[in-house]
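Student: Next one to model:
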Amino acid sequence: MPKFLMNRWQNLHTIFSYILFFALIIVLFIYEWMIAIVALAIGIVLLLLSIRADKTFHKDLHDYVMTLSHRVKKAGNEVIHELPIGMILYDEEKKIEWHNPYIAQMLGKESVIGESLLEFFPTLVEEQENKEVEIFINEQHYQILKKDDERLIYFTNITDFKNLSMKHEQEKLVMGIIMMDNVDEATQGMDDKTRSLVLAQIISELTEWSNQFGFYMRRISSDKFLMIMNQKVLQSLEGSRFEILDTVRDMTADLKIPLTLSIGISSGVENVIELGSIMQTSLDIALGRGGDQAAVKAGGNLTFYGGRSNAVEKGTRVRARVISHALRELIRDSNNVMIMGHVYPDLDSIGAAIGLLKAARLSDKKGYIVLEDVNPSIQSLMDEIEDHEILKDSFISPEQALQLIDNHTLVCVVDAHKASMVPEPKLLQISQRIFVVDHHRRSEEFINDATLVYIEHYASSTCELVTEILQYFHDKISLDKLEATAMLAGIVVDTKSFSLRTGARTFEAASFLRRNGANSSTVQRMLKEDLQEYLQQIEIIKNAKIVYDHIAIAVGKPNHKNSQLIIAKVADTLLNMTDVMASLVISERPDGKVGLSARSLGEVNVQILMERMGGGGHFSNAGAQVEGNVEEVSERLEQVLSEVIKEEGLLK
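Tutor: Purely as a prediction, here's the structure:
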């Protein structure tokens, strides 16, 4: 215990003792006054000594307090000067009044007192109070905490933390898989020696590519390779935009072999099992979009690179036969069948639905086609169906479908693969059995819980795919005249009368439909245009312009509303113009949105454009519906077009 505290304790005891002492003296004065006088004298002497001791105590206490305050002040000053945190005090005019030595060291100046905060920290002045922000000064990262009430700012150097965090991010595991597209079809007819030489040349390019960027690659099957790398390597690959895709495509093109690569990559996930699953999903998406591209899924973001070549038609129909048999078993095990296309259906969507309705009837199952509204593009076909005894009763509304569906209902989605595009997404949630058939390139949004999926991006139309399924569905299948005509109409519309995206299998499907009674005259009557609608198309075409020498852009007048069908027809018309490789049309729609339609002859991948605009579609046939007005959408489209041409090389 300090000396002055001990003295204090002793003084308290002394005072108490003196009180008792003087009380006794008073008693003595009553009985023995001589003894009382002597005792009083002694008491006075002791009292004077006590007062002196008390003064000494207060002096010691004062000296101790002063010494302690000095030590605390000195320690505080040393802490402020030596603390690895910067501190700035500023006045009401945002001028620096005081700072500790750390700030001078941070800014590389002896002193910045009297200087304006705006001069050194222009963005910091506007920051909110108690909000931590980061700034970069002299190659160092600092975290800032601003106290407006005290006009005080703290600076903490977090460079080491940022570097460590960056290193951690760059070293995260990334997995990928490379697949050589259509190897069997591309090398069909080659002898073993030539096939081996071609594959060896591709593998050599892949090995050189992996060595160049420093990642591990291992062949896991005849046409697949496993990739293991870190995030830093992935960033380098994305920076090069996966140039290996162009290298292999150009190399095999010189050899007259249409062989390309598809790459699926996953990152941003700690669990290795989940990483591998996402990797396979990414590859499936790349293949579903036509191949010749890389799909990189990082966390919740999916990015595509490549996709500059159109899909190559497969020469074999093995998959169509397998899908047909699997669909037959699904229908037989189901209570009934619900079929729906996309919102605002076209002839391809309705034709494919009618084809699957035939499959349901062949299996003695009740089938329904879910249709919300009849639009002008299918009005002629629906007029024909009104006179058909069987088909007219097969169309139901989404509300009726919800009443008829159960867990054992097979829901078939045709000409679409997004839940958001169907007229009643709840049907997909109720049913445990889903079949998807589509010819569009697969997008990030997909009906993942589908039981059976048949997506072939090379196909001209969904009607072509359904026609092939029906050929293997029953040994002696025969179609009704209207059924065959509806499916043929779907093929004719999507191929623009067999002029686009038409392969040998397209004509084979059309021949099968013709043999079953499809009437081409009825198809042409369904496709006849209304004069008033044609004049509306002309109004949009009058505003067309050519950009980048080969791309036509037409923008409808503000407040002039046109249906999506008219917008699409304008895009088709512009594609017939001389030197036009692609057409882009923008116009307001009756529902208040702005509709976009994009077409190409195969030299331009318009799907990439429409995806960046919020839509999607096919390599040479895509579209979108967005919010806003035509001027804003037009400016945005031209900006996206410029970016894609610069990044992807949109024009070959």
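Student: Now that D572 has come up, it's in contact with T495, right?
Tutor: No - taking Cβ atoms under 8 Å as the definition, D572 is not a contact partner of T495, at 11.4 Å. In this view, the C-beta of every residue, glycine as well, is placed from N, C-alpha and C.
Student: higher neighbour count, the two?
Tutor: Shown here are D572 and T495; by other Cβ atoms under 10 Å, T495 has more neighbours (21 against 18).
Student: thought the more buried one was touching R501?
Tutor: Yes - with contacts counted by Cβ under 8 Å, T495 reaches R501, the gap being 5.9 Å.
Student: which residues are common contacts for those two?
Tutor: S460 (Cβ atoms under 8 Å, 6 or more residues apart in numbering).
Student: Tell me how far D54 lies from A568.
Tutor: 105 Å (Cβ to Cβ, to the nearest Å).
Student: neighbour count winner among these two?
Tutor: Between D54 and A568, counted using other Cβ under 10 Å, the more crowded position is A568 (21 against 15).
Student: Now the host helix or strand of the more buried one: buried residues?
Tutor: Take DSSP states H and E as the rule and A568 turns out to sit in helix 564-574. Within helix 564-574, the residues that count as buried by 16 or more other Cβ atoms under 10 Å are Q564, L565, I566, I567, A568, K569, V570, A571, D572, T573, L574.
Student: In terms of distance to L381, which of those residues ranks first?
Tutor: L565 (13.3 Å; Cβ to Cβ).
Student: name the element the residue lying closest to that closest one once chain neighbours are set aside belongs to?
Tutor: Nearest residue to L565 in three dimensions, chain neighbours excluded: S377, at 4.5 Å (Cβ to Cβ, 6 or more residues apart in numbering). Using DSSP H and E, S377 maps to helix 376-385.
Student: which helices and strands sit right next to the helix or strand just after that helix?
Tutor: For helix 376-385, the following helix or strand on the C-terminal side (DSSP H and E) is strand 395-396. Packing partners of strand 395-396 (3 or more Cβ pairs under 8 Å, 6 or more residues apart in numbering; DSSP states H and E): strand 366-370.
Student: Return the set of buried residues in the strand it packs on.
Tutor: Within strand 366-370, the residues that count as buried by 16+ other Cβ under 10 Å are G367, Y368, I369, V370.
Student: Need the per-residue pLDDT for the first one.
Tutor: What it means is G367. pLDDT recorded at G367 is 94.
Student: In contact with it, which residues?
Tutor: Counting by Cβ under 8 Å, 6+ apart, G367 has contacts N336, V337, M338, I339, L356, L357, A360, R361, S394.
Student: Between the two ends of stretch 553-564, how far is it?
Tutor: For stretch 553-564, the first-to-last residue distance is 16 Å (Cα to Cα, to the nearest Å).
Student: what is the mean pLDDT for that stretch?
Tutor: Rounded mean pLDDT across stretch 553-564 is 88.
Student: Stretch 604-618 now?
Tutor: Here the average pLDDT along stretch 604-618 is 84.
Student: Could you list the alpha-carbon positions for it in PDB?
Tutor: Output of stretch 604-618 as PDB, limited to C-alpha atoms (Å, rounded to 0.1, in the frame of the first residue of the first chain):
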ATOM      1  CA  VAL A 604     -23.500 -13.800 -86.600                       C
ATOM      2  CA  ASN A 605     -24.500 -15.300 -83.300                       C
ATOM      3  CA  VAL A 606     -27.500 -13.200 -82.400                       C
ATOM      4  CA  GLN A 607     -28.200 -15.300 -79.300                       C
ATOM      5  CA  ILE A 608     -25.200 -13.700 -77.500                       C
ATOM      6  CA  LEU A 609     -26.700 -10.300 -78.300                       C
ATOM      7  CA  MET A 610     -30.100 -11.100 -77.000                       C
ATOM      8  CA  GLU A 611     -28.800 -12.800 -73.900                       C
ATOM      9  CA  ARG A 612     -27.100  -9.600 -72.900                       C
ATOM     10  CA  MET A 613     -30.300  -7.800 -73.500                       C
ATOM     11  CA  GLY A 614     -32.100 -10.100 -71.100                       C
ATOM     12  CA  GLY A 615     -33.500 -12.600 -73.700                       C
ATOM     13  CA  GLY A 616     -32.200 -15.600 -75.600                       C
ATOM     14  CA  GLY A 617     -33.000 -18.000 -78.400                       C
ATOM     15  CA  HIS A 618     -31.100 -19.700 -81.100                       C
END
